[in-house]
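Asks: structure for the following, please:
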Amino acid sequence: METILASTITAIGTMLGLAFLGIGIGIGILGSKVAEAVGRNPETKGDVVHSVMTLMIVTTVFLLFLFAFVFLLLYFNPMLS
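Replies: Below is the predicted model:
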């Protein structure tokens, strides 16, 4: 039983670490492209920022789904029964 819990916690740590790493890299690339687009064409700043905020909201929703899955694994682990 301890082996299953240790494996589950290791998998959860790996999932969360890779998710935050990917989101951090993605937001960094997105920010650089937004700065490049606004620098190239300043009058489209409102449209670009609106699109970026929409993408950030979608990314946040996916991250919340990941947290829900993590808590599902922690508290309702099917391998422990």
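Asks: from here on, contacts and neighbour counts on C-alpha atoms
Replies: Will do.
Asks: pLDDT weak spots in this structure?
Replies: Along the chain, segments meeting pLDDT under 70 span 81.
Asks: biggest helix in it by residues?
Replies: Ordering each helix of the chain by length in residues (DSSP state H) puts helix 2-40 first.
Asks: the helix or strand following it versus helix 2-40: what angle between them?
Replies: Where DSSP states H and E defines the elements, the next helix or strand beyond helix 2-40 is helix 45-75. In terms of direction (axes from the mean of the first three to the mean of the last three CA atoms, to 10 degrees), helix 45-75 departs from helix 2-40 by 180 degrees.
Asks: quick one: buried residues of stretch 30-40?
Replies: Burial within stretch 30-40, assessed by neighbour count using 16 or more other CA atoms under 10 Å, is assigned to Val34, Val38.
Asks: follow-up on the earlier one: tell me the buried residues in the longest helix of the chain?
Replies: Neighbour counts over helix 2-40 (16+ other CA under 10 Å) mark Thr8, Ile12, Ile23, Val34, Val38 as buried.
Asks: from what I see, the last one and Lys45 are in contact.
Replies: Yes. Counting by CA atoms under 8 Å, Val38 does reach Lys45; the two are 5.6 Å apart.
Asks: redo the buried residues of helix 2-40 as CSV? Include distance to Leu72.
Replies: CSV is the format used below for the buried residues of helix 2-40 (distance: CA to CA, whole Å):
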residue, distance to Leu72
Thr8, 11
Ile12, 11
Ile23, 22
Val34, 36
Val38, 41
